[in-house]
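Novice: Sequence plus predicted model, see below.
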Amino acid sequence: ERGRLARLRHKPAVTLDGQRVDLLANIELPEDTLGAVKAGAVGVGLFRSEFLFMGREAQSLTRLPDEEEQYQAYKRAVEGMQGMPVTIRTIDVGADKPLDGKSVRDDAHLNPALGLRAIRWSLADPAMFLTQVRAILRAAAHGEIHLLIPMLAHASEIRQTLALIDFARAELDNRGMVHGHVKLGAMIEVPAAALTLRIFLKHFDFLSIGTNDLIQYTLAIDRADESVAHLYDPAHPAVLRLVAETIAECRRQGKGVSVCGEMAGDIAFTRLLLGMGLRSFSMHPSQILAVKQEVLRADTSKLTRWVEQVLESDDPASLLLPAPAPQ
Ligand code: PEP
Ligand code: MG
């Protein structure tokens, strides 16, 4: 099976009815671009930049990475992808991702998944956020970078975030420093965001659906709590509806849309997402070839009725049959 999949590496991901599909990589560090290119990724759909900030105590680095260190890291990622686009998500710490070895799961933060994390953390520490945005804008002079903002839910957060990005650009101009253009994207991972897409599409060039958190927040299931793991259901009808509507609305408005949560790398969902209209999937590099095989076997022109049935079903999982084996 491995050997057979390996032969798909250089084959473009195109469905039986000729639909081109972008299979992108999720990475944690610039060095991961090597594995992404090897796996045949056509870009990075999610660079979880918080990994540059985490675990530094263990490396006896006591300060957070400064602008220069971050710039070098983002530049390495861009160079590693050899001209393909790199989507860099701004820092997403808090909740299950402690910063600097300090757990945020303490008495002061009783419910960290609902607390200060991701863009909320960044807006509470604008100096840190500006440093990161300047580094990303500078790296964009070396290749195509898409800037992705995690966990937005409020119009006010969108306004503050965009104002800070403008400010970072102005700071670089004032310093006379070279920087590049970036496409701006928002993660859709809070149900409130999926239900107010109009606001997001007014301000952003593309959206990326973070199903890991979208499931957690839609179903009120802590993604890190083993005792309720059996209720963490990617195929819950409410989750599928939010995903389907987000993809459909982006397509109606001609905006890019991607899924970068685990669902994108799970072959049980490939045909469903294709049928919903998704043409951009971002996943761990190790999943790319298996998903590509599903793409090559799919005929999106024949999926419409089945997708409707799945979305109307009380038990969608029972309809997500595995793809037929090759002849
Ligand atoms: C997600 O929430 O689906 C996602 C991709 O982000 P993370 O897993 O890093 O929270
Ligand atoms: Mg997330």
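Specialist: In hand now; what should we look at? Numbering: from 1, shown residues only. Ligands and ions are numbered 1, 2, ... in the order given.
Novice: Would you agree Ala264 is in contact with His284?
Specialist: No: contact criterion CB atoms under 8 Å: Ala264 and His284 do not qualify, at 9.4 Å. (Glycine included, C-beta is placed from N, CA and C.)
Novice: In terms of neighbours, single out the busier of those two.
Specialist: Set Ala264 next to His284 and count neighbours by other CB atoms under 10 Å: Ala264 wins out with 28 against 18.
Novice: which element is the closest residue to the more buried one other than its chain neighbours on?
Specialist: Leaving aside its chain neighbours, Ala264 sits nearest to Phe281 (4.2 Å; criterion: CB to CB, 6 or more residues apart in numbering). Per DSSP states H and E, Phe281 falls inside strand 280-283.
Novice: one step back: the residue nearest to Ala264: neighbouring residues, count only.
Specialist: 27.
Novice: now it: how far from Arg271?
Specialist: Using CB to CB, to the nearest Å, we find Phe281 at a distance of 12 Å from Arg271.
Novice: which stretches of the chain have low pLDDT?
Specialist: Counting by pLDDT under 70, the chain contains low-confidence ranges at 95-98, 100-109, 321-327.
Novice: ranges for the helices of it?
Specialist: Assigned by DSSP state H, the helices in the chain fall at 2-6, 33-38, 67-80, 119-124, 126-139, 155-175, 191-194, 197-203, 211-219, 237-252, 270-276, 288-297, 304-312.
Novice: right, so of those helices, which gets closest to ligand 2?
Specialist: helix 211-219 (3.7 Å; CB to the ion).
Novice: Is ligand 1 within reach of the closest one?
Specialist: Yes: Helix 211-219 comes into contact with ligand 1 (CB under 6 Å from any ligand atom), by way of 211-213.
Novice: how many degrees apart are that helix and helix 237-252 in direction?
Specialist: 120 degrees (axes from the mean of the first three to the mean of the last three CA atoms, to 10 degrees).
Novice: contacting residues around helix 211-219?
Specialist: With contact meaning CB atoms under 8 Å, 6 or more residues apart in numbering, helix 211-219 is reached by 113, 151, 187-191, 194, 221-223, 231-234, 236, 238-239, 242-243, 259, 261-264.
Novice: can you narrow the residues you listed to ones near ligand 2?
Specialist: Checked against ligand 2 using CB under 5 Å from the ion, the contacts of helix 211-219 yield the following neighbours: Glu189.
Novice: Just the buried subset of the contacts of helix 211-219, please.
Specialist: 113, 151, 187-191, 194, 221-223, 232-234, 236, 239, 242-243, 259, 261-264 (16 or more other CB atoms under 10 Å).
Novice: Can you name the residues of the stretch 201-327 of the chain that neighbour ligand 2?
Specialist: 210, 213.
Novice: where does the stretch 201-327 of the chain come near ligand 1, residue by residue?
Specialist: 210-213, 260-261.
Novice: try 8 Å this time
Specialist: 208-216, 260-263 (CB under 8 Å from any ligand atom).
Novice: ok so, going back, out of the helices of the chain, which is the most enclosed?
Specialist: Comparing the helices of the chain by mean neighbour count (mean count of other CB atoms under 10 Å), helix 270-276 ranks first with a mean of 24.
Novice: And it, what does it pack against?
Specialist: If you count contacts as 3 or more CB pairs under 8 Å, 6 or more residues apart in numbering; DSSP states H and E, helix 270-276 packs onto helix 237-252, helix 288-297, helix 304-312.
Novice: now the angle between helix 304-312 and the longest one, please.
Specialist: Taking the same axes, to 10 degrees, helix 237-252 and helix 304-312 form an angle of 140 degrees between their directions.
Novice: which residues sit in contact with the closest residue to Arg169 other than its chain neighbours?
Specialist: Distances taken as CB to CB, 6+ apart place Leu137 nearest to Arg169, at 6.2 Å, with adjacent residues excluded. When contacts are counted by CB under 8 Å, 6+ apart, Leu137 touches 168-169, 172, 179-180, 182.
Novice: Need the max-distance pair from the residues of the stretch 201-327 of the chain next to ligand 1.
Specialist: Ser208 and Gln216 (16.2 Å; CB to CB).
Novice: can you tell me how far the closest residue to Ala238 other than its chain neighbours sits from ligand 1?
Specialist: For Ala238, ignoring the flanking residues on the chain, the nearest one in space by CB to CB, 6+ apart is Thr218 at 5.4 Å. Between Thr218 and ligand 1 the distance is 12 Å, computed by CB to the nearest ligand atom, to the nearest Å.
Novice: switch to numbering from 57
Specialist: Sure, I'll start numbering at 57, so the last one becomes Thr274.
Novice: quick one: Thr274 from Met243, how far?
Specialist: Thr274 is 14 Å from Met243, by CB to CB.
Novice: Got the phi and psi for Glu200?
Specialist: Here is the backbone geometry of Glu200 (degrees, to the nearest 10): phi -80, psi 110.
Novice: who touches it in this structure?
Specialist: By CB under 8 Å, 6+ apart, the neighbours of Glu200 are 134, 139-142.
Novice: Out of those, which end up buried?
Specialist: Buried, going by 16+ other CB under 10 Å: 134, 140-142, out of the contacts of Glu200.
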